[in-house]
Structures are given as structure tokens and as C-alpha cells.
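Chemist: one predicted model, sequence on top.
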Amino acid sequence: MTRLAGVDIGTNSVRLLVGDLEGHGRDARVTPIDRRMRITRLGRGVDATRALAPDAIDRTLDVLREYRGVIDDLGAARVRATATSAARDATNRDDFFAAATEALGVRPELLSGEDEAQLSFLGATAGLDAPAPYLVVDIGGGSTEFVVGTQEPEGLCSVDVGCVRVTEQFLYSDPPAPEELSAAVSVVRDQVADVVREIPDIRTAKTLVGLAGTVTTVAAIELGLPEYDGSAIHHFRLTRAAAEDVFRTLALESAAQRRHNPGLEEGRIDVIVGGVLVLVTILRVLGFDEVLVSETDILDGLVRSLAE
């Protein structure tokens, strides 16, 4: 058994998993010791400026220092840290990586969208007992990854739509105006249609697996959880009808009204409508009646990758 750590530096949040890993490959068992998430919004404004903002960098570095302390206290033998969409798009990412290396003790790797998709698939499907092939969808802040496969990815694609990017590009009003929502749905629908053309095998998938903060938040709202409960959310079957209902409710509310929904974290109030819009559009275009919500994701893939 080896204690390992993974850190995922995303567009909206920074997450940590410290876990004990036994075995190798897909049959390995990961026992979580500490799993945590902080919303730092590293990608705020990157879509327009192509640069990471100083205040967003500072917030993220503070979290990385906190995570370094947790990793040291728990005695992880190895650490793998990765950065995704916001860092991919930012021209000043090398400056951020230098500071992040000092804060965390390891240099973050810049993942391509395809690398991100492979790690998410590994983390979400290892040990999964559900009809295959799987379609794993990871809705992030700046990008969404699609991966289809059974034991290994057989087709994958990353598109530049996510909760932060859709919000910053289309949803200016509070609450969003109907024409803003319509324009966003149209663009996301076209992007998902392009994914189907690129990966025709998506149509053969029997189980849709949804990852990351947007999907788990919609599940938490549907369940009415006053506090986040990963055990209740993991492998919860979120129906398309329920997702559509949550979307209609949140889209009609102002931010001040939205914050009263049980299950909705403070840091997601301004971007959750953009995220749910992506989720329901995927369900509509691909014709799935439900999505299997997964707590295991790219973080678990990162930890598993350290054993290979």
C-alpha cells in the first residue's frame, strides 16, 4: 500500500485527493484519506484577456500552500499536480507555474484536453459496476471532456465550453435574459453535435457518467442537501427531468434568490446556470434520460497514474 496525492488546478476550483493505493491498473483500490475542494476562480476573465489575473493567482497559491501542509501531515510518498483549461489558455502560465511549484513543492503539469479526458475516464470507471460502454463527461469551468470506452478510452474529445466560460461569454444579466440563455444553448448544442460527428461511438454508450462540480452540485440541489455529502451524491442517478427542473429554477432566479437553494455552494452561485445549461444540453442532444453522478474523477485518475 502506498499513500499518494493528486492536485487538480482547474478553471473554477482547486482540488486535492490524498489516498492509499493498493495494486495496479484498473484493479487497484484507492482508499481516500482526504478529499477537499476550494473555489479560487483561477480562470476568471481568461477567456477575454488570455491571462491569469493577479488576485486569482494569489487565491490559488494560498490553497496550494494549504494543500502542501495537508500532504506533508498525511505523509504522501508522491504527488502529481496538473493544470487544465485556464492554464492552457493563459499566456502568463509559466509565471504561475513557477510560483505554484514553490508553494506546492512539485511543478504542475499542463494537461491537454485529451490527457485530461483520459485521466477522468480512468478515475471514474475503475471498478464501476454499470452497463458499458461508458460515456464519461467532465464539465469543468473552461472546458468539457467527453470520453467513450469500456476498459480504456476508445474515443475522446475536449471542447471549450464550461460553467465559467459560458457565463462570461453569454450570461450578463441577473437573472440571465431569455435571449442570453438561447444564444448560449445554441452554441453549446453546436459544440456537442460536433463531438458526436468526431466520436460516432458516443451513440453506443449505455451509461452516461457525469463528473465535477456542476454535476455534483445539481445532484446536491435535487437531493436538497443542507451540507455537501459525497456518500449521498456518489452514483446518484440524476434524471434528465430533474436536471431540467433545476435548470429552469436556477435560470429564473437572481443570484440573491439562488443562494438560498440547499446544496448550492456560495462560490458557484454566479456560474451554476452556465454549468447546468451545458449539462441539460448534453442530455438533450445525446438523448440520455439520466446521468450517473460520480465523485471519483480526474483526481482518482491522477493518484492511480502514480502507481503505473
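Modeler: Looks like it came in fine. Residues are numbered from 1 along each chain as shown.
Chemist: chain center to stretch 211-225, what's the gap?
Modeler: For stretch 211-225, the distance from its own C-alpha centre to the chain's C-alpha centre is 12 Å (C-alpha atoms, centre = their mean, to the nearest Å).
Chemist: can you check stretch 4-18 too?
Modeler: Offset of stretch 4-18 from its chain centre (C-alpha atoms, centre = their mean): 10 Å.
Chemist: distance between the ends of it?
Modeler: 6 Å (C-alpha to C-alpha, to the nearest Å).
Chemist: now stretch 86-102
Modeler: 20 Å.
Chemist: could you list the buried residues of it?
Modeler: Residues 86-90, 92-93, 96-97, 100 are the ones in stretch 86-102 that count as buried (16 or more other C-beta atoms under 10 Å). (Glycine included, C-beta is placed from N, CA and C.)
Chemist: helices - which of the residues you listed land there?
Modeler: Using DSSP state H, the subset of the buried residues of stretch 86-102 located in helices is 86-89, 93, 96-97, 100.
Chemist: what about the strands in the stretch 201-308 of the chain?
Modeler: Using DSSP state E, counting those that start in this stretch, the strands of the stretch 201-308 of the chain run over 207-211, 237-239, 290-293.
Chemist: alpha carbons of the first one, as CSV, please.
Modeler: Meaning strand 207-211. Coordinates of each C-alpha in strand 207-211 appear next as CSV, following Å, rounded to 0.1, in the frame of the first residue of the first chain:
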residue,chain,number,x,y,z
THR,A,207,-24.2,4.6,-19.3
LEU,A,208,-23.6,8.4,-19.1
VAL,A,209,-21.3,9.2,-16.2
GLY,A,210,-21.1,12.9,-15.1
LEU,A,211,-18.2,14.4,-13.2
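Chemist: the helix or strand in which residue 185 is found - contacts with which helices or strands?
Modeler: Per DSSP states H and E, residue 185 falls inside helix 178-198. Judged by 3 or more C-beta pairs under 8 Å, 6 or more residues apart in numbering; DSSP states H and E, helix 178-198 is in contact with strand 153-159, helix 163-170, helix 272-286.
Chemist: could you check how far the residue lying closest to residue 296 once chain neighbours are set aside is from residue 15?
Modeler: Leaving aside its sequence neighbours, residue 296 sits nearest to residue 123 (C-beta to C-beta, 6 or more residues apart in numbering; 5.1 Å). In this view, residue 123 and residue 15 are 12 Å apart by C-beta to C-beta, to the nearest Å.
Chemist: still on that earlier bit, closest one to residue 293 out of the ones in helices among the buried residues of stretch 86-102, please.
Modeler: Residue 293 has its nearest neighbour among those in residue 86, at 24.0 Å by C-beta to C-beta.
Chemist: wait, the closest one sits on residue 142?
Modeler: Yes: between residue 86 and residue 142 a contact is recorded at 5.5 Å, counting by C-beta atoms under 8 Å.
Chemist: now the common contact residues for those two.
Modeler: Taking C-beta atoms under 8 Å, 6 or more residues apart in numbering as the criterion, residue 86 and residue 142 both touch 10-11, 43, 46.
Chemist: was I right about residue 247 contacting residue 274?
Modeler: No: the criterion here is C-beta under 8 Å, and residue 247 misses it with residue 274 at 10.6 Å.
Chemist: which of those two has more residues huddled nearby?
Modeler: For residue 247 versus residue 274, neighbours defined as other C-beta atoms under 10 Å are more numerous around residue 274 (27 against 21).
Chemist: any idea which of the ones in helices among the buried residues of stretch 86-102 is least confident?
Modeler: Here the lowest pLDDT out of these sits on residue 86, with 81.
Chemist: residue contacts, the residue nearest to that one when sequence neighbours are not counted?
Modeler: Nearest residue to residue 86, sequence neighbours excluded (C-beta to C-beta, 6+ apart): residue 43, at 3.1 Å. Residue 43 makes contact with 10-12, 52, 56, 85-86, 89, 141-142, 164-165 under the criterion C-beta under 8 Å, 6+ apart.
Chemist: need the pLDDT of residue 43.
Modeler: We have a pLDDT of 85 for residue 43.
Chemist: which phi and psi does residue 5 have?
Modeler: Dihedral pair for residue 5: phi -140, psi 140, per degrees, to the nearest 10.
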